[in-house]
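Colleague: sequence? don't have it. structure:
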């Protein structure tokens, strides 16, 4: 910027907002102005919410989810199926599966996927605690809800080997046509997987 | 959401982030997770920046800009041309013109444009203080940097009438082809204006 338009506090606010995913420098400026205009309804509450999050957010020592309590809301929910454990790469994946509301199980957040190229090895993921949980809780099924990427599939294979000596079934998510998806727009890999895994009608 | 994934503090943070322009419910959730992951580098500083903004931000009593000082940084800058006053609709427009760095003048923020349909009349805009400033500062030129919309042009005409009894020149921004713009993608109105206002090559 050729000229400084506003005081350092506003410039700093814009710079920090621009670091949020989905906001660039332009939209961060717009967001900052929006916040300033709605000081009472939005800026103040958001400042308080961030402060509360900073003070209260914990990583669940059981599953790796983030929450304001430990164990987290999901782990503390007694009505959940204790026989099934869903392994996910990230907290975002856990939240996405919860939104789908297709199962009421517990989770285990790996904190990423194995990636030799990026230098992510087994020691960098929460794998030891996964084995401990499966053994201690006598889990009957581990659903490997990892991404359908090379790293995700590598991780799934690694975990299957890791759990081989335990009496536990490992399953993975189905590949196929997304609900609402049009065949014409799908890649060949997905279409081939959908044909291989076709079901009776 | 069928199940509550996280504690009320996190849900509230997501809801507030979703009210920022450019962020929807999905991207707000992603932004919240990003903030939580980067607690030290981003969440904390952003909480502080918002708190500072809440406490310190003022509306400049001279021009209507928002800043942490009053008069604002622009009005307090002695090196600026005192003969020219740029009239803008909003603070966002002021900031956009400052980024262009095409002139070093002072501004006057109207706080909107006249809009009979939306019930915005002359009393709702900072028009009285505009006349006072033009008279008191012996301004020689008022640049009407209002939007090229019906409301903006109505406002421009109204201000021209308002300043008619004063010895001041009123000008408006040029209409034409945006720099980098392709004729094929421009609307007819812009093209017609660009032809009418053609200049010697």
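Modeller: Thanks, I have the structure now. As the structure is a computational prediction, the values presented were derived from the model and not from experiment.

Colleague: secondary structure element holding the spatially most central residue of chain A?
Modeller: Chain A has residue A:92 as the residue nearest its centroid, 2.1 Å off, counting by C-alpha atoms, centre = their mean. Per DSSP states H and E, residue A:92 falls inside helix A:91-100.

Colleague: and that helix with chain B, contact?
Modeller: Yes - counting by C-beta under 8 Å from any C-beta of the partner chain, chain B is contacted by helix A:91-100 at A:91, A:92, A:94, A:95, A:98, A:99. For glycine as for every other residue, the C-beta is placed from the backbone atoms N, C-alpha and C.

Colleague: hmm, back to that, does the residue nearest to the centre of chain A touch residue B:30 like I think?
Modeller: Yes - with contacts counted by C-beta atoms under 8 Å, residue A:92 reaches residue B:30, the gap being 6.8 Å.

Colleague: and residue A:180, how many neighbours?
Modeller: Residues lying near residue A:180 (other C-beta atoms under 10 Å in any protein chain shown) number 5.

Colleague: got a list of contacts for stretch A:187-200?
Modeller: By C-beta atoms under 8 Å, 6 or more residues apart in numbering or on different chains, the residues outside stretch A:187-200 that reach it are A:174, A:175, A:176, A:177, A:183, A:186.

Colleague: what is the mean pLDDT for that stretch?
Modeller: Stretch A:187-200 shows a mean pLDDT of 86.

Colleague: buried sites along it?
Modeller: By neighbour count on 16 or more other C-beta atoms under 10 Å in any protein chain shown, the buried set for stretch A:187-200 is A:190, A:193, A:194.

Colleague: quick one: the first one and chain B, what's the gap?
Modeller: Distance, residue A:190 to chain B, using C-beta to the nearest C-beta, to the nearest Å: 22 Å.

Colleague: what residues are up against the residue nearest to the centre of chain A?
Modeller: B:29, B:30, B:33.

Colleague: mind checking pLDDT for it?
Modeller: You'll see residue A:92 listed with a pLDDT of 90.

Colleague: same question for residue A:151.
Modeller: Here, the pLDDT recorded for residue A:151 equals 93.

Colleague: surely it is in contact with residue A:114?
Modeller: Yes - in this structure, residue A:151 is within contact of residue A:114 by C-beta under 8 Å, at 6.2 Å.

Colleague: which neighbours do the two share?
Modeller: Each of residue A:120 lies in contact with both residue A:151 and residue A:114 under the rule C-beta under 8 Å, 6+ apart.

Colleague: quick one: which of these two has more around it?
Modeller: The neighbour count for residue A:151 versus residue A:114, taken as other C-beta under 10 Å, is higher for residue A:114 (24 against 18).

Colleague: ok, the closest residue to that one other than its chain neighbours to residue A:63 distance?
Modeller: Spatial nearest neighbour of residue A:114, excluding adjacent residues (C-beta to C-beta, 6 or more residues apart in numbering or on different chains): residue A:155 at 4.6 Å. Residue A:155 is 17 Å from residue A:63, where distance means C-beta to C-beta, to the nearest Å.

Colleague: cool, and residue A:41?
Modeller: Distance of residue A:41 to residue A:63, computed by C-beta to C-beta: 35 Å.

Colleague: who's in contact with the residue nearest to residue A:114?
Modeller: So residue A:155 contacts A:89, A:110, A:113, A:114, A:125, A:144, A:146 (C-beta under 8 Å, 6+ apart).

Colleague: which residues in chain A form strands?
Modeller: Taking DSSP state E to define them, one finds strands in chain A at A:58-59, A:66-67, A:84-88, A:106-109, A:141-144, A:169-172.

Colleague: wait, does the fourth one contact chain B?
Modeller: No - Strand A:106-109 is not in contact with chain B by C-beta under 8 Å from any C-beta; minimum separation 10.1 Å.

Colleague: what is that strand packed up against?
Modeller: strand A:84-88, helix A:91-100, helix A:128-136 (3 or more C-beta pairs under 8 Å, 6 or more residues apart in numbering or on different chains; DSSP states H and E).

Colleague: make it 7 Å
Modeller: Contact analysis of strand A:106-109 by 3 or more C-beta pairs under 7 Å, 6 or more residues apart in numbering or on different chains; DSSP states H and E lists strand A:84-88, helix A:91-100 as its packing neighbours.

Colleague: enumerate every residue touching the closest residue to residue A:58 other than its chain neighbours.
Modeller: Nearest-residue entry for residue A:58: residue A:70, 4.6 Å, with adjacent residues in sequence omitted and distances by C-beta to C-beta, 6+ apart. Neighbouring residues of residue A:70 by C-beta atoms under 7 Å, 6 or more residues apart in numbering or on different chains: A:58, A:60, A:61.

Colleague: can you pick the most crowded of those?
Modeller: In these, the most neighbours by other C-beta under 10 Å go to residue A:60, 21 neighbours.
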